[in-house]
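Q: sequence and predicted model, in that order:
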Amino acid sequence: MTISTTEKIEGWNTPPVITPDSEGELLEVAMGPHHPSTHGVFRMDVALDGERVIRLKPIFGYLHRNHEKIAEGASYLAAMPYTDRLDYFCSLTNNWAYALAVETLVGQAVPERAQYLRVILAELTRVQNHASSIGFLIQEMGASGTPLMYAFKEREKILDLFEELTGSRMMCNYMRFGGCRVDASEAWLNDTRKVVAGLPKFVDEFENLLSSNEILMARCQGVGILSRELAVNAGVTGPMLRASGVNYDIRKVDHYGIYDRFSFRVPLGEHGDVYDRYMMRILEMRESIHILEQALKEVPGGPVMDAKAKIRGFRPKPGEAYGRIEAPKGELGFYLISDGGPNPYRYRIRPPSLINLTILEDMCLGSNVADVVLIFGSVDIVLGEVDR
Amino acid sequence: MKSVEEIKAAIEAAVPGARVSVVENPSVSGQRSLRLGHAHAVEVAKFLRDDAELALDFLSNVSGVDWPDKEIAEKVKVTKTVTKTVDGVEQQVEEVVEETRKRTEPGYLEAVYHLYSMSKKHGPVILRMRTANRTDEVEMPSLTSIWRSADLQEREIFDLFGIVFTGHHDLRRLLMWRGFKDHPMRKDYVEPDDFEYEPTAHDEVLQRAQEHQAAEQKGEGA
């Protein structure tokens, strides 16, 4: 990879400026905050020259609740349920990222069985996130309902598993520093095996329905192109980065948890357009199913909490740690500074949804306004994490 | 990957005059960091990104940290000459007395940058920069020209901590609204009085409500 060609990167610190063709006035449209395609409350102030986008300014903060400040006033463990509410589609990966950061801070070991459960839950989360994010993307394209309901049908099966194990469909609050909250029964593992056995059929069906669909190809191919150099420089992570052809998956780079034990491939895109991002999610689902099959074969017995894990009077030594995982939307990191007290002195989240939006304007400039909805949908964000 | 000391030496060799120091991390994570002076920060960042061996092309995370003024009470041993009566005779005796002295360590705002390399797949290298104080000298050079990913994150820090990043192309509030005055992530931030949302209107709340309305009528509050 040759990225550090300085000439190319200079001048990238601002979005390019496009001059309108026509002599008339520009039409300024505020898309949002309650536009159905914005996945929540998010606004884009768009300036249009006919159908062409000349300027696009994202406006954030409608869902801001200062999660970081709340967590700095609470004990380390009390912030765990709050992490569920960041990206509420993927509460289990949020839990894992936070647990990983705290475990890095205090040097806490995690027992084998808990590691396996974490991998199984994270990959199930990835499958249901990618499925529903594709469903939303197709919905925004105008396919009203059907693909989204296909995705949601599968997602419900996975959420049922989450509910059985953790007591909640979406707000799971499952991981702890040094393991997991409750053990999974053999019956739950068998149910999971059944659901996972049905997943390849679902992905096949989903792909048959969509991948070679003429309308989908016409709307997605060549739209919203993101070059690999800009993607790296702008800190884009997750399926979006890999769609631009950069081989960077934190599961492979950091080998956090026990990901070094499973064989899986990292799919890469060529063009970095919306279609590649769609395809990336389909392929990642397949790889996740592959990991799930391997993990479910060999779940070891034993405790799910480290016996030495400190629960009461948890006060890490002064210092700091940054822990990150490959969440379904990108690199989710937690940066913690401890001053020796019972609550974190500084608690910072690296939100992949927000940082992937840095280059939204660059991708949208010059394209039609109808494509803005698609490009935005292909980034796959959740406003709970963008605004925190 | 190179150790923090080696990176420091490489920076000092490549950018003459750059002020770099190693910051220790006593926790078991062992993630030590480098503190940069403002003057050559952008050049150092450019070197770290473009150096063939380090190739830190990916700026992952930018965090603001607030360190308010600290009052430190120290016990100091002082030798004093005291007049004492020893064996019925007044004498000047030197005596060691313990005194508690208070000094204030000035606070500052800090930005922490976590860098990784996507091409070499190593990291993190952690950079930190400080402002001179928390009130009037809160400038710091922006690294957006080197890594675009600092764009929204520096805007967020400007919004919530009040660090002014010089050289940032579009430094506006990100999460709070236009016209908002304070910086909510600072440790000494006081929440606004929201008596209107108190669930029960008891005496203390009514009292505060009256004070509010008085201020509004004078045209001060809201």
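A: Perfect, thanks for sending it.
Q: mind listing what the residue in the stretch 101-250 of chain A that chain B sits nearest to touches?
A: At 2.6 Å from chain B, A:G235 is the closest residue in the stretch 101-250 of chain A, using CB to the nearest CB. Backbone N, C-alpha and C define where each C-beta goes, glycine included. The neighbourhood of A:G235, defined by CB atoms under 8 Å, 6 or more residues apart in numbering or on different chains, consists of A:355, A:358, B:58-60, B:147-149.
Q: please tabulate those residues in a markdown table, including the columns secondary structure.
A: Below are the contacts of A:G235 laid out as a markdown table (DSSP: H, G, I helix; E, B strand; the rest coil):
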| residue | secondary structure |
| --- | --- |
| A:I355 | helix |
| A:T358 | coil |
| B:F58 | strand |
| B:L59 | strand |
| B:S60 | strand |
| B:W147 | coil |
| B:R148 | coil |
| B:S149 | coil |
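Q: which one of these sits closest to A:G384?
A: Of all the contacts of A:G235, A:G384 sits closest to A:I355, with 15.2 Å by CB to CB.
Q: got the confidence number for the closest one?
A: We have a pLDDT of 92 for A:I355.
Q: pretty sure it contacts B:S149?
A: Yes. A:I355 sits in contact with B:S149 when judged by CB atoms under 8 Å, with a separation of 5.8 Å.
Q: can you list residues touching both of these two?
A: A:234-236.
Q: got those residues as a markdown table, with secondary structure columns?
A: Output for these, formatted as a markdown table (three-state DSSP):
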| residue | secondary structure |
| --- | --- |
| A:A234 | coil |
| A:G235 | coil |
| A:V236 | coil |
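Q: and of these, the nearest to B:A9?
A: Closest to B:A9, out of all of the shared contacts of A:I355 and B:S149 and judged by CB to CB, is A:G235, at 27.3 Å.
Q: skip the chain neighbours and tell me the closest residue to the closest one.
A: Spatially, and ignoring its direct neighbours in sequence, A:G235 is nearest to B:S149 (2.6 Å; CB to CB, 6 or more residues apart in numbering or on different chains).
Q: look at the spatially most central residue of chain B and give its secondary structure.
A: Centroid-nearest residue in chain B: B:L109, 2.3 Å away (criterion: CA atoms, centre = their mean). Look at B:L109: counting by three-state DSSP, its state is strand.
Q: contacting residues for it?
A: B:64-67, B:130-131, B:134, B:138, B:140, B:161-163.
Q: what pairs with it across the strands?
A: Beta-bridge pairing of B:L109 under DSSP bridges involves B:D66.
Q: distance check, it against chain A.
A: Noted for B:L109: a distance of 12 Å to chain A, by CB to the nearest CB, to the nearest Å.
Q: mind checking how far that residue is from B:F165?
A: 11 Å (CB to CB, to the nearest Å).
Q: and the single longest helix found in chain B, what's buried?
A: Scanning chain B for the helix with the most residues, using DSSP state H, yields helix B:203-218. Neighbour counts over helix B:203-218 (16 or more other CB atoms under 10 Å in any protein chain shown) mark B:V205 as buried.
Q: try stretch A:154-174
A: In stretch A:154-174, counting by 16+ other CB under 10 Å, buried: A:154-155, A:157-159, A:161-162, A:165-166, A:169, A:171-174.
Q: which two among those residues are spaced furthest apart?
A: Among the buried residues of stretch A:154-174, A:E154 and A:N173 lie farthest apart (CB to CB), at 23.4 Å.
Q: returning to that earlier point: any of the contacts of A:G235 buried? List them.
A: A:355, A:358, B:58-60, B:147-149.
Q: pretty sure A:K252 sits against A:P267.
A: No. Between A:K252 and A:P267 there is no contact under CB under 8 Å: 11.9 Å.
Q: and these two? which has more neighbours close in?
A: A count of neighbours by other CB atoms under 10 Å in any protein chain shown puts A:P267 above the other of A:K252 and A:P267, at 19 against 15.
Q: relative to chain B, how far out is the more buried one?
A: For A:P267 relative to chain B (CB to the nearest CB), the value is 17 Å.
Q: do A:E320 as well
A: 6 Å.
Q: what about the residue nearest to that residue when sequence neighbours are not counted, neighbour count?
A: In this structure, A:E320 finds its nearest non-sequential neighbour in A:I337, 4.4 Å apart by CB to CB, 6+ apart. Counted with other CB under 10 Å, the neighbours of A:I337 add up to 23.
Q: wait, a strand at A:I337?
A: Yes. Under three-state DSSP, A:I337 falls within a strand.
Q: quick one, what contacts residue 154?
A: Using chain A. A:127-128, A:131, A:199, A:202.
Q: could you do chain B instead?
A: B:62, B:111, B:142-144, B:163, B:165, B:168, B:171.
Q: same thing with A:A97?
A: Contacts of A:A97 by CB under 8 Å, 6+ apart are A:83, A:323-325, A:327, A:332-334.
Q: and the gap between it and A:C90?
A: Taken as CB to CB, the span from A:A97 to A:C90 is 10 Å.
Q: what do those two both touch?
A: With CB under 8 Å, 6+ apart, A:A97 and A:C90 have common neighbours A:A327.
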